[in-house]
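In: coordinates only, sequence not included:
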C-alpha cells in the first residue's frame, strides 16, 4: 500500500479526515457533506490510478548506491554558511533568550533554497544507500542535513526528510506487521519530539492551546499536551479548507493567475505573478491566527471554486503519474519514489507543486540520475 503514491494519497487524506473528527479544537467547523463528497470522488479516482500503476510501483524495490562519495563535500560548507551568515546557531541562540526566531533568523539568500532542497534529497538517497549496503558512513552522511535542520530550527524540512526515510524503508524492505508496529512507535515518538521542539521554539505549549482553543475533549483525554502540536498541524489545513467552502463565495479569477499561482513553483511564480498584474497570492480563511495553509485544494477553491479543486486534483494526479513514468528505470528509483510519496503526504498541508521547498526535491533525482550514470559509464570505459 505505502509503495503506491495514489494509495498514499487516499491514506493521508483519510487519516486527516479521521483525526479531524476527534474534535480536539473548538475552532474547527464541522465537515460538510459537499467536501466529504469531493474527497470520496478523489479517493475513487486515486484508487483507479493506483490499480493502473500497480506494476510500475511494484517493480521499484532494489537500490544500489549511485552517488559518488564526494557529493557530501560541497554540501557541508553550504550548511555551515547559513550558520555563519546568521551569526550563530539559531537553536543555541534561542536557548540564550536573546533571539526572536521570526524576526532575527537570517540565512544566505538563494543559496539557502539550494541547501535545503538538495540536502533533503541527498539525505533520502544516502539513507537508501545505507539500507542497501549497511555502511555506517552512508547513515552518518544521511543524518547531516537533519542535524542542520535541527540547528536552524527547521521543523518542517526535518519532518519531511524523516518521512522520506520512512518511505525508503517501506519501499525497500516491504516490512511485515512486527516491523510496522515498531515503525508506528517511532512515528509516535517523532510526533512527541515535534511537539517538544515547538514548545522550545515558543517557550511553552500554553500559547498554542489557547490560540487553537483546545477543546474540553482534548483537555480531559489525558493525552500529553505536547501532542496537540501534531494534531493542530495535521488538521488545521482541513479546517481552513472547510472554512473556505463555508464562508467564501469564489469569483473566478483570470486563468493565468490560477495557472501561475498553483502550477509553477513559488520561487518562479512570485516573479511572474506581478507581470500579469497580481501583487499577492490569494489567502484562505484561518481557523486560528498563523495557521494559514488549507491543503492543496484551498487556494484553488478561492480562485475557481469546485472547478478549481477538480482541476487541482487532475493536475496533481497527472504529475504523480508522469513522475512515476520518469523514474521507473532510474538508478535512484527507490529514493525518488520515497520523495514522491512524501510530496503526496504533505499535500494535505498545502499545494506542493507550488511549494519549492518540496517540489525541487523531486527534481534532484531526475537531474542526478543521468549525470552520475554518465560518470559511471565513463569510469568503466577508463578505469584508470
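Out: All right, it came through fine. Because the structure is predicted, anything quoted here is derived from the model rather than measured. Numbers count the residues shown, from 1 in each chain.

In: what are the phi and psi values at residue 25?
Out: Here is the backbone geometry of residue 25 (degrees, to the nearest 10): phi -130, psi 130.

In: am I right that it is in contact with residue 238?
Out: No - shown here, residue 25 and residue 238 do not form a contact pair, counting by C-beta atoms under 8 Å, at 10.9 Å. C-beta coordinates here come from the backbone N, C-alpha and C atoms, glycine included.

In: low-confidence ranges, this protein, go.
Out: 1, 100-104, 197-209, 248-252, 372-384 (pLDDT under 70).

In: could you point out the longest helix in it?
Out: Looking across the chain with DSSP state H, the single longest helix is helix 298-327.

In: show me what that helix is packed against.
Out: On a contact count with 3 or more C-beta pairs under 8 Å, 6 or more residues apart in numbering; DSSP states H and E, helix 298-327 meets helix 5-20, helix 33-52, helix 54-58, helix 227-247, helix 255-263, helix 333-345, helix 356-381.

In: quick one: which of the ones you listed is nearest residue 143?
Out: Closest to residue 143 of the helices and strands packed on helix 298-327, according to C-beta to C-beta: helix 333-345, at 15.3 Å.

In: quick check: angle from the longest helix of the chain to helix 227-247?
Out: 110 degrees (axes from the mean of the first three to the mean of the last three C-alpha atoms, to 10 degrees).

In: now residue 366. Nearest residue, chain neighbours left out?
Out: Take residue 366 and drop its neighbours on the chain: the residue closest to it by C-beta to C-beta, 6 or more residues apart in numbering is residue 326, 6.2 Å away.

In: run a quick neighbour tally on the one you found.
Out: When neighbours are counted by other C-beta atoms under 10 Å, residue 326 registers 15.

In: and what of the one 5 residues further on?
Out: Each residue near residue 331 was counted by other C-beta under 10 Å, and the total is 21.

In: what's the helix or strand for the residue nearest to it when sequence neighbours are not counted?
Out: Excluding the flanking residues, the one nearest residue 331 by C-beta to C-beta, 6+ apart is residue 66, at 4.3 Å. Per DSSP states H and E: residue 66 is located in neither a helix nor a strand.

In: next, the contact list for the residue sitting nearest the centre point of the chain, please.
Out: Nearest to the mean C-alpha position of the chain, by C-alpha atoms, centre = their mean, lies residue 346 at 3.8 Å. Residues in contact with residue 346, defined by C-beta atoms under 8 Å, 6 or more residues apart in numbering, are 160, 163, 352, 358.

In: show me those residues that map onto helices.
Out: Judged by DSSP H, the subset of those located in helices is 160, 163, 358.

In: I figured the first one hits residue 120, correct?
Out: Yes - under the criterion of C-beta under 8 Å, residue 160 makes contact with residue 120 at 6.2 Å.

In: compare the two (neighbour count), which wins?
Out: residue 120 (28 against 24).

In: helices or strands up against the helix or strand containing that one?
Out: Secondary structure assignment for residue 120, by DSSP H and E: helix 111-133. Contacts defined by 3+ C-beta pairs under 8 Å, 6+ apart place helix 111-133 against helix 72-86, helix 136-151, helix 155-173, helix 333-345, helix 356-381.

In: residue 29 is nearest to which of those helices?
Out: Distance to residue 29, taken as C-beta to C-beta, is lowest for helix 333-345 among the helices and strands packed on helix 111-133, at 23.9 Å.

In: thinking again about what came up before, just the ones in helices among the contacts of residue 346 now: which is nearest residue 4?
Out: Closest approach between the ones in helices among the contacts of residue 346 and residue 4, by C-beta to C-beta: residue 163, at 16.1 Å.
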